[in-house]
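1. Build me a model:
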Amino acid sequence: MFKEFIEHARKQSNKTAVIRAGDVHSKMDLSDRMPAVCAALGSEKFEKQYNIKRTKLEGPIHGANALRYRF
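-> Next comes the predicted model:
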């Protein structure tokens, strides 16, 4: 997922990336794991691992929401 969402945005010289939990959930072919995906995407560990900072959350916290990150 890193390459598809974050690395792609960085290569395009974008300063932000938008990641939808619903997209990650689908691409990983998961079933009924949306809260786990949301928790992972919103975690401090995720931000530190990829050197990003969450700037915005759209929609319910455990829904197929979009998270906006800046680099």
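2. drop to CA atoms for contacts and neighbour counts, all remaining ones
-> Noted.
3. List the residues that contact the closest residue to F71 other than its chain neighbours.
-> For F71, ignoring the flanking residues on the chain, the nearest one in space by C-alpha to C-alpha, 6 or more residues apart in numbering is I52 at 4.9 Å. Taking C-alpha atoms under 8 Å, 6 or more residues apart in numbering, we find I52 in contact with Y69, R70, F71.
4. Next: I61.
-> C38.
5. Can you classify it by secondary structure?
-> coil (DSSP: H, G, I helix; E, B strand; the rest coil).
6. For the residue most central in space within the chain, name its beta-bridge partners.
-> Nearest to the mean C-alpha position of the chain, by C-alpha atoms, centre = their mean, lies I19 at 3.8 Å. Note on I19: beta-bridge partners L67, judged by DSSP bridges.
7. quick revisit: quick check: the residue nearest to F71 vs E7, distance?
-> 11 Å (C-alpha to C-alpha, to the nearest Å).
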